[in-house]
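Participant: pasting the structure only:
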């Protein structure tokens, strides 16, 4: 019986004694045995099932495959049982049916990804239990309950629904345990195991490597004994979760799965005969030593210990039964367990991950080529305005090409790549093809002289600091606590601007005391306003960084969100949510065109009501009397309003482009921001909705600062930082456990993988994408005055700014991802590669893809506006019968930019 999300303290902690009294009684009365199991990241269901059934350490790619499980072809416990004639039945998480098709004689799967279902998903399992306990035609029954895990995702491990769910599980455990005891009393040996596949972190969710996620209980009922680490204090023994496969194989009399790295603990729960016990330990040691010889360098020492133990075992077998001392048996058994644990620890640490280094190097080489072409020769000297020349001779072309090739070749030799996935001839041809294409590309791109000048300013330090942030990914602690880096950068930036404006203000006030001038008075008021805004910005940073505790080392510390989620703080949660609504509605009303203000106000109020009712159905905010709902219909109404908004905006755009094609871009960007904020507000936790108006306000303050010292690069980097800072304000981290899975199922009545994935991406990367579109919108508004002077020049200026913004954003995302990929190559044998480095890579790749899609959307809007302008110009020329020289010149320029 697998209880998804069953943490260790749900059994051994205070909540276990109160919420699961029947199970506690079984353990207290020695009718069962409690064992503590440790597991490795990733703590996700499908990899954990693989570990329990195969005894292997799961690969990180299983995190992605978890959403679309494919049949498992590795040797495993269930296929061995099926091959030896056992009849198996299963009820629960359909992931098992995907991994093990055609294994179970009877089964009924339930959807594991619909996390808002707390009840039916478990009822569909429980309804089969009574009938199956009455049947005698099966040998192995597996039950997998999902409700507890779903509650953990939505409410966290301390939510109000946790205790009732544990009580429900307690009754089921007691029901089955009673039947197992009856069978054992009737001479039918039966073993009942209750375990968790993974835990739940304190903030909800799982996937990381915190103790709450990686420590789960194993309860065995039906055994004949229970060994403790400390018998007097009844401290449970500790095993690895992957030991389950070996132990159950031994219990069923099956061969150990060939790839298993586990060690048997059957003699901890059964009083085995001495010869059987030692044979089992010897068999397990021999099987594990075969793996140890292949994958580690410490074979000699372990081999010598293994020979010594087998010699002792052989001497014991050759001795007479009357000469056999009980202490000798225990010493041999303990020695076997010691060597099994030593080999297992070494093998688990090495992870046995088989990397195809040839393909990795090919990918890195292509990424290196992209960085050279896209960043080095277009952007590297943007930050340094120094008069120098970048040579473009064939000699230097070969130099840069060989530099990339040598780096990748060095990485390949460093990692001693294995040729595993492709035949050598195909990979050789592919590698030569990439080399040829790369060389051609370098020759085509290194044909212009570029003159640049060196002049480092404080603003150019933004690029240097951002590069320092990328380099910090070398250390695992910097990845785990990345939010601290961004918080430090952000507060330092605010302090710098505050120092700058306060200094200027003091100078003006001193000068005003000596010479009165109306211009000085106006400037003083201007700087006072900026100083106040920066002070509010700093106070907002202090509040928002305390909204959600994130990272690894201090994620457990109390935060504002944790306090708001308590039952006594519903009024506070309600006030915070209503404040967020008021700010969003006010911002949207103020930004809207005059003729559409009333329509926008009505839509936004209706959306706010839907969002409030959605959170009210979960009990997060104060309930409205005489109203009850599941929250589904409110979300459907919300999407209905979004559809109406799409239709009205479509009509509005058609009206506008008939008279003014140059405003198409600004209308569309405002529409994108409006829709993004509305959808994000629906998906966010109620306490995180406040981040949306706060980010817009902070962006407005940044734009005010930029007006004084306008700079394309400065605006890009400030908004890039803004997006990352608010990303961590939201409670995100580089652990998979921080992903709010519940956001993927808002308003859904069935599991829809594509919709769920889109929801999760929008909710997770809401802040960086919003920051990007706010910057695009700012470029539109900052040059609006040019419309009255020269429409063509206005469009050209905006086009250049947007194209440059896209280049900078995508270039930095590519640089971050590529450099980090190189770091990972050197960290493949790091202790935290699965728990820290690879989850961060998944986040970076997803972030880059999301940002590329956003930039592509902007490019599409630019292309449509360009087509509209061109059509409008051609139409005018046709009517007037004359050409527009300046207009056609702009059209040609826009083609090149597009």
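Facilitator: On my side now, so go ahead. Here the structure is a predicted model, which is why all the values come from computation and not from measurement.
Participant: Spit out the contact partners of the residue found closest to residue 204 once you drop the neighbours it is linked to in the chain.
Facilitator: Nearest non-adjacent residue to residue 204, counting by C-beta to C-beta, 6 or more residues apart in numbering: residue 156, 3.8 Å away. The way it works is simple: take the backbone N, C-alpha and C, and place the C-beta from them, glycine included. Taking C-beta atoms under 8 Å, 6 or more residues apart in numbering as the definition of contact, the neighbours of residue 156 are 200, 202, 203, 204, 565.
Participant: same check, this time on residue 819
Facilitator: The neighbourhood of residue 819, defined by C-beta under 8 Å, 6+ apart, consists of 470, 471, 473.
Participant: show me where the stretch 201-350 of the chain has helices.
Facilitator: Across the stretch 201-350 of the chain, reading from the start of the chain, the helices by DSSP state H, counting those that start in this stretch fall at 211-214, 243-252, 274-295, 299-318, 326-350.
Participant: Those: which one's closest to residue 93?
Facilitator: Distances from residue 93 to each of the helices of the stretch 201-350 of the chain were compared using C-beta to C-beta; the minimum, 16.3 Å, belongs to helix 243-252.
Participant: Of all the residues in the closest one, which ones are buried?
Facilitator: Buried residues in helix 243-252, counting neighbours by 16 or more other C-beta atoms under 10 Å, are found at 243, 244, 245, 246, 247, 248, 249, 250, 251.
Participant: which one among those residues gets closest to residue 54?
Facilitator: The closest of these to residue 54 turns out to be residue 245 (C-beta to C-beta; 5.9 Å).
Participant: excluding its backbone neighbours, what's nearest the closest one?
Facilitator: Here the nearest residue to residue 245 in space, its sequence neighbours aside, is residue 55; by C-beta to C-beta, 6+ apart that works out to 3.6 Å.
Participant: One more: residue 474?
Facilitator: Across the structure, with C-beta to C-beta, 6+ apart as the measure, the residue nearest residue 474 apart from its sequence neighbours is residue 823 (5.6 Å).
Participant: again, but for residue 681
Facilitator: Counting by C-beta to C-beta, 6+ apart, the residue nearest residue 681 is residue 689, at 5.1 Å.
Participant: How about the contacts made by the one you found?
Facilitator: For residue 689, the set of contacting residues under the criterion of C-beta under 8 Å, 6+ apart consists of 576, 577, 580, 581, 584, 611, 681.
Participant: mind running it again at 7 Å?
Facilitator: Contact criterion C-beta atoms under 7 Å, 6 or more residues apart in numbering gives 577, 580, 681 as the residues in contact with residue 689.
Participant: can you tell me the helix or strand for the first one?
Facilitator: Okay, so that is residue 577. Per DSSP states H and E: residue 577 is located in helix 570-591.
Participant: any idea which helix or strand of this protein has the worst average confidence?
Facilitator: Across the helices and strands of the chain, the lowest-confidence element by mean pLDDT, DSSP states H and E is strand 388-389, at a mean of 38.
Participant: Select the longest helix from the protein.
Facilitator: Across the chain, the longest stretch assigned as helix under DSSP state H is helix 838-880.
Participant: and that helix, what other elements does it pack with?
Facilitator: Using 3 or more C-beta pairs under 7 Å, 6 or more residues apart in numbering; DSSP states H and E as the contact criterion, the neighbours of helix 838-880 among helices and strands are helix 664-683, helix 766-782, helix 791-826, helix 885-897.
Participant: Kindly report which one of these carries the lowest mean pLDDT.
Facilitator: Within the helices and strands packed on helix 838-880, the stretch with the lowest mean pLDDT is helix 885-897, showing a mean of 42.
Participant: All the helices of the stretch 1-150 of the chain, residue numbers only.
Facilitator: Read by DSSP H, counting those that start in this stretch, the stretch 1-150 of the chain holds these helices, from start to end of the chain: 9-12, 14-19, 21-28, 45-54, 62-65, 77-83, 95-99, 120-126, 129-134, 147-155.
Participant: which residues are contacting the longest one?
Facilitator: Helix 45-54 is touched from outside by 4, 39, 56-58, 62-63, 65-66, 69, 72, 74-78, 93, 95-96, 99, 112, 197-198, 241-242, 244-245, 257, 259-260, with contacts defined as C-beta under 7 Å, 6+ apart.
Participant: pLDDT below threshold where in the stretch 601-750 of the chain?
Facilitator: 660-662, 708-712 (pLDDT under 70).
Participant: So residue 554: helix, strand or coil?
Facilitator: Under DSSP: H, G, I helix; E, B strand; the rest coil, the three-state class of residue 554 is coil.
Participant: Ok, the one 4 residues further on next?
Facilitator: For residue 558, the secondary-structure state derived from three-state DSSP is coil.
Participant: Excluding covalently adjacent residues, which one is nearest to it?
Facilitator: The shortest distance from residue 558 to any residue that is not its chain neighbour, by C-beta to C-beta, 6+ apart, is 7.4 Å, and that residue is residue 549.
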